[in-house]
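Q: when you get a sec, could you give me coordinates for this:
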Amino acid sequence: MDIELSPELQDTLSRILLVILIVILTWFVRRIAPFFARRIIQFMWRGIRAFSGSDNTLNEQLTEAIIPPLRLLIAGIGLSLIFLIVDFPSFLGNIRSQLIATVIALGIFWGILRFVDVFAHYLETSNRFNLLDSTLVRFGNQLLKMIILIFGFVIIMREWGYDLAGLIAGLGIGGLAVALAAQDTLANLFGYLVIITDAPFKVGHLIEVDGVEGFIEDISLRSTRLRQRDRSLTIIPNRTIVDSTVKNWSRLTSRQVKMVVGVTYSTTDEQIVKIVEDIRAMIDEHKRVTKQRRTVEFVEFGASSLDILVICFVDTVLWEDLLAIKMDINLRIMRILTKHNVEIAFPTRSIIIESGSLPSENN
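A: Next up is the predicted model:
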């Protein structure tokens, strides 16, 4: 027996089948899209490599960056097709188009943000652009991403019918309160701009700020991250750095070695002269000591020693290398003292008891 369906029911079943088909096709396209995207980017990259000689690193990073936004865009297109098939109440008509536009806009701007991140990372790590300061690249990356986010936010809000100009004007006293509360944030932002323009240091440098010493791991809009020698992480607001004295150890071309060699008072003047001459010769011949000013002089009669001042500069800025070089110089000085039969002095005190009668017990 044939069952005849009403036109309305036939239309409903057709729409349901189309929706199911679109869902399946959307899922399938999202699954195979990365494969075709990778092939297309690789094909385009061949021409770029032939023209510029670029390596394949950026190609792979761009491929991985574009896949998530591409899947979101495919889902947005599938959603728009479903909305075209399904009949919604009239009051939901605008929401339908706004939702589709929002999903597509999110996919596009998300893809742009990921592309900017990949390109900035490539500029920062590629040897082809080693003249570009990594701090400057990060600043440009953050500034460009901020502009993209603001632009995307404005477009989405306008799509939903919000007048941002009226919203900003309507903040009134509330906007003033927010501005007052954001004073610290603005101070840190201006501090960041000062750090970027003045460039007292960059990522990787060893600096000291208010007694805190560490290697710079990151410079953000709000703060600077320092990794100390004990591997602890210190976060310093940018305004604090701008208002403080910063010592940049990485900008040194050499390090100073300064020590006082104290020998015993039994050392003769001839021994002192020979020791000073030998230390000078050792300093001048040392491979790690620079040709800058050096000082080796008998300078003082100390409380318990004859003091020889030794000052020189070594060709390193790393603390660990400095300690190793100082150890080598100390050992060589010890050999010189042993060669001349001279001992290193240590704090001593002589007690002199004058002869005389002791007081009697009867007194």
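Q: all strands of this protein, in order?
A: Applying DSSP state E to the chain gives strands spanning 206-209, 212-219, 223-227, 233-237, 246-248, 255-263, 295-301, 306-314.
Q: all helices for the chain, in order.
A: Assigned by DSSP state H, the helices in the chain fall at 7-52, 57-85, 93-125, 134-159, 164-169, 173-181, 183-198, 238-242, 269-285, 319-339.
Q: can you lay out the strands of the chain as CSV showing distance to residue 331, mean pLDDT and mean neighbour count?
A: Where C-beta positions appear, they are placed from N, C-alpha and C, glycine not excepted. CSV is the format used below for those (distance: least, CB to CB, whole Å; pLDDT from 0 to 100; neighbours: other CB atoms under 10 Å):
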stretch, distance to residue 331, mean pLDDT, mean neighbour count
strand 206-209, 26, 88, 19
strand 212-219, 27, 87, 17
strand 223-227, 32, 89, 20
strand 233-237, 35, 90, 15
strand 246-248, 29, 88, 15
strand 255-263, 13, 91, 16
strand 295-301, 16, 93, 14
strand 306-314, 14, 94, 20
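Q: ok, which of those comes nearest residue 196?
A: Residue 196 lies closest to strand 212-219 among those, at 7.9 Å (CB to CB).
Q: what's near enough to touch the residue positioned nearest the centre of the chain?
A: Taking CA atoms, centre = their mean, the centroid of the chain lies closest to residue 218, which sits 2.0 Å from it. Shown in contact with residue 218 (CB atoms under 8 Å, 6 or more residues apart in numbering): 138, 203, 224, 225.
Q: how about 6 Å then?
A: Residue 218 makes contacts with residue 225, as judged by CB atoms under 6 Å, 6 or more residues apart in numbering.
Q: hang on, isn't residue 120 packed against residue 141?
A: Yes - with contact defined as CB atoms under 6 Å, residue 120 reaches residue 141; the gap is 3.7 Å.
Q: okay, now the domains of the protein?
A: Using automatic domain parsing, the domains assigned to the chain come out as 10-170, 188-251, 255-339.
Q: got JSON lines for those, with distance to residue 346 too?
A: Output for these, formatted as JSON lines (distance: least, CB to CB, whole Å):
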{"stretch": "domain 10-170", "distance to residue 346": "49"}
{"stretch": "domain 188-251", "distance to residue 346": "31"}
{"stretch": "domain 255-339", "distance to residue 346": "7"}
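Q: still on that earlier bit, among the strands of the chain, which comes closest to residue 353?
A: strand 295-301 (24.9 Å).
Q: partners of that closest one in the sheet?
A: Strands that pair with strand 295-301, judged by DSSP bridges, come out as strand 306-314 (antiparallel).
Q: tilt between the strand it pairs with and strand 255-263?
A: Between strand 306-314 and strand 255-263, the angle comes out at 160 degrees (axes from the mean of the first three to the mean of the last three CA atoms, to 10 degrees).
Q: now do the same for the nearest residue to residue 341 once chain neighbours are set aside: its pLDDT.
A: Excluding the flanking residues, the one nearest residue 341 by CB to CB, 6 or more residues apart in numbering is residue 271, at 7.7 Å. In this model, residue 271 is scored at 94, pLDDT.
Q: coming back round to it: tabulate the strands of the chain (a markdown table), appending distance to residue 100.
A: Formatted as a markdown table, the strands of the chain follow (distance: least, CB to CB, whole Å):
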| stretch | distance to residue 100 |
| --- | --- |
| strand 206-209 | 51 |
| strand 212-219 | 38 |
| strand 223-227 | 40 |
| strand 233-237 | 42 |
| strand 246-248 | 52 |
| strand 255-263 | 64 |
| strand 295-301 | 78 |
| strand 306-314 | 67 |
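Q: for these, which one sits closest to residue 333?
A: Checking the strands of the chain against residue 333 by CB to CB gives strand 255-263 as the closest, at 6.0 Å.
Q: packing partners for the closest one?
A: Here strand 255-263 touches strand 306-314, going by 3 or more CB pairs under 6 Å, 6 or more residues apart in numbering; DSSP states H and E.
Q: by how many degrees do the strand it packs on and helix 269-285 diverge?
A: Between strand 306-314 and helix 269-285, the angle comes out at 10 degrees (the same axes, to 10 degrees).
Q: tell me the gap between strand 306-314 and the middle of its chain.
A: Chain-centre distance of strand 306-314: 38 Å, with CA atoms, centre = their mean, to the nearest Å.
Q: one step back: of the strands of the chain, which is nearest residue 25?
A: Per CB to CB, nearest to residue 25 of the strands of the chain: strand 212-219, 43.9 Å.
Q: and the closest one, C-alpha only, in CSV?
A: Provided in CSV are the C-alpha atoms of strand 212-219 (Å, rounded to 0.1, in the frame of the first residue of the first chain):
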residue,chain,number,x,y,z
VAL,A,212,68.0,41.5,41.6
GLU,A,213,70.3,39.9,39.0
GLY,A,214,69.1,37.6,36.2
PHE,A,215,68.9,36.8,32.5
ILE,A,216,66.0,38.4,30.6
GLU,A,217,63.5,35.8,29.4
ASP,A,218,60.8,38.1,28.1
ILE,A,219,59.8,41.8,27.8
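Q: contacting residues for residue 156?
A: 102, 105.
Q: try it again at 8 Å.
A: Contacts of residue 156 (CB under 8 Å, 6+ apart): 101, 102, 105, 106.
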